[in-house]
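[1] below are the sequence and a predicted model; questions follow.
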Amino acid sequence: MALMAAHGEIGPMPDCGIFADTGWEPAHVYEHLDRLEKLLPFPVYRVSAGNLRDEIASVRPTGKFLKIDIPAFVSNNGKPGGLVNRSCTRDFKIDPIRRKVRELLGIAGKRSPKEAVVEQWIGISIDEVIRMKPGREAWQVSRWPLIEKRMARSDCLRWMDRNGYPEPKKSSCIGCPFHSDAEWRALSKEEFADAVEVDRRLRDTTRGIARTKGELFLHRTCKPLDEVDFSTAEDRGQLNLFLNECEGMCGV
């Protein structure tokens, strides 16, 4: 979306882009952002609410209260259960961006305007149309340029290829519980080891706390991450009759 704006295919030209850094993104996300900053005719601001990795499973203030920012899976009596409530998107993405927008508008610490004074573009594609939501505050109006153009993720990738840009990989935190097995496999050796350590820490930190029911895991099977079988059917010697790679869009 940002590159299409730079090419004049979406207008008007944005005043800026804002990237909310959780501190736990894969290396390819930061590499892509570094490239974008050199290509775009408008500034890109990096904002942060701290390091999500360091916040996960932190017990405070005296061991009686548990804070889990991510949607970890809960195992009850050894059986996979549901998810704990998450606040990571709000705390580490939405709120830091909102604070930066207010700063740029000169209204930080002031009463919010009663009418829309900023248009915020959100880069979801038509595959994710269910994520379209109106702005929560009167001073912001949301816009979805890719959906206006009826562009799916595959259309975005074709646009990148036509214009000579490398295909960007999906963006998500290293240890996001919403990862598919393909996304877990795509992590580098170092990134996967990092996720394994955090997965183990989830249980070590929360064990014995009265308000914690069950054990917490990053993988939906509720197994320690380093014990999950991530092999594919082909790895196990089974024939794959599908000619096209799955895009992971069956559920949207």
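    Noted; the coordinates are in hand.
[2] low-confidence bits of the stretch 151-252 of the chain, can you list those?
    205-213, 233-252 (pLDDT under 70).
[3] what segments of it are strands?
    215-217 (DSSP state E, counting those that start in this stretch).
[4] where along it do the helices fall?
    Using DSSP state H, counting those that start in this stretch, the helices of the stretch 151-252 of the chain run over 153-162, 181-186, 189-206.
[5] quick one: those helices as CSV, columns for mean neighbour count and distance to residue 32 too.
    Heads up, the C-betas are built off the backbone N, CA and C, glycines and all. CSV is the format used below for those (neighbours: other CB atoms under 10 Å; distance: least, CB to CB, whole Å):
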stretch, mean neighbour count, distance to residue 32
helix 153-162, 14, 11
helix 181-186, 15, 14
helix 189-206, 17, 15
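[6] ok, and the closest non-adjacent residue to residue 73?
    residue 217 (4.8 Å; CB to CB, 6 or more residues apart in numbering).
[7] I'd say the one you found and residue 198 touch.
    No - counting by CB atoms under 8 Å, residue 217 does not reach residue 198; the two are 10.8 Å apart.
[8] residues contacting the most centrally placed residue in the chain?
    What sits nearest the mean C-alpha location of the chain, by CA atoms, centre = their mean, is residue 172, with 3.8 Å. By CB atoms under 8 Å, 6 or more residues apart in numbering, the residues touching residue 172 are 26, 178-179, 183.
[9] one more: residue 3?
    Here residue 3 is in contact with 36, 39-40, 160, 163, 165 (criterion: CB under 8 Å, 6+ apart).
[10] mean confidence for the host helix or strand of it?
    Element membership for residue 3, per DSSP states H and E: helix 2-6. In this model, helix 2-6 has a mean pLDDT of 96.
[11] and it, which residues are buried?
    Using 16 or more other CB atoms under 10 Å as the test for burial, helix 2-6 gives 2-6.
[12] burial count for the nearest residue to residue 223 once chain neighbours are set aside?
    The spatial neighbour of residue 223 that comes closest, neighbours along the chain excluded (CB to CB, 6+ apart), is residue 217 at 6.7 Å. As a burial measure, residue 217 scores 22 neighbours (other CB atoms under 10 Å).
[13] tabulate the CA atom coordinates of stretch 77-89 in CSV.
    Below are the C-alpha coordinates for stretch 77-89, written out as CSV (Å, rounded to 0.1, in the frame of the first residue of the first chain):
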residue,chain,number,x,y,z
ASN,A,77,-5.3,-31.7,32.9
GLY,A,78,-3.1,-32.4,29.9
LYS,A,79,-5.9,-31.6,27.4
PRO,A,80,-5.8,-28.7,25.0
GLY,A,81,-8.2,-26.0,26.0
GLY,A,82,-8.9,-22.4,24.9
LEU,A,83,-6.9,-19.2,24.7
VAL,A,84,-6.1,-16.7,27.4
ASN,A,85,-7.3,-13.1,26.7
ARG,A,86,-4.9,-11.1,24.6
SER,A,87,-4.0,-7.4,24.7
CYS,A,88,-0.8,-7.4,22.6
THR,A,89,-2.4,-5.9,19.5
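[14] any idea how far that stretch is from the chain center?
    In terms of CA atoms, centre = their mean, to the nearest Å, the centre of stretch 77-89 is found 17 Å from the chain centre.
[15] would you mark the buried spots in that stretch?
    84, 88.
[16] Serialize the buried residues of helix 2-6 to a markdown table and add fields for distance to residue 108.
    Output for these, formatted as a markdown table (distance: CB to CB, whole Å):
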| residue | distance to residue 108 |
| --- | --- |
| 2 | 24 |
| 3 | 30 |
| 4 | 30 |
| 5 | 26 |
| 6 | 28 |
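[17] just those now: which is nearest residue 46?
    residue 2 (13.9 Å; CB to CB).
[18] ok, the closest one touching residue 40?
    Yes - the pair residue 2 / residue 40 is scored as a contact, 5.8 Å apart, by CB under 8 Å.
[19] many thanks, I have nothing further to ask.
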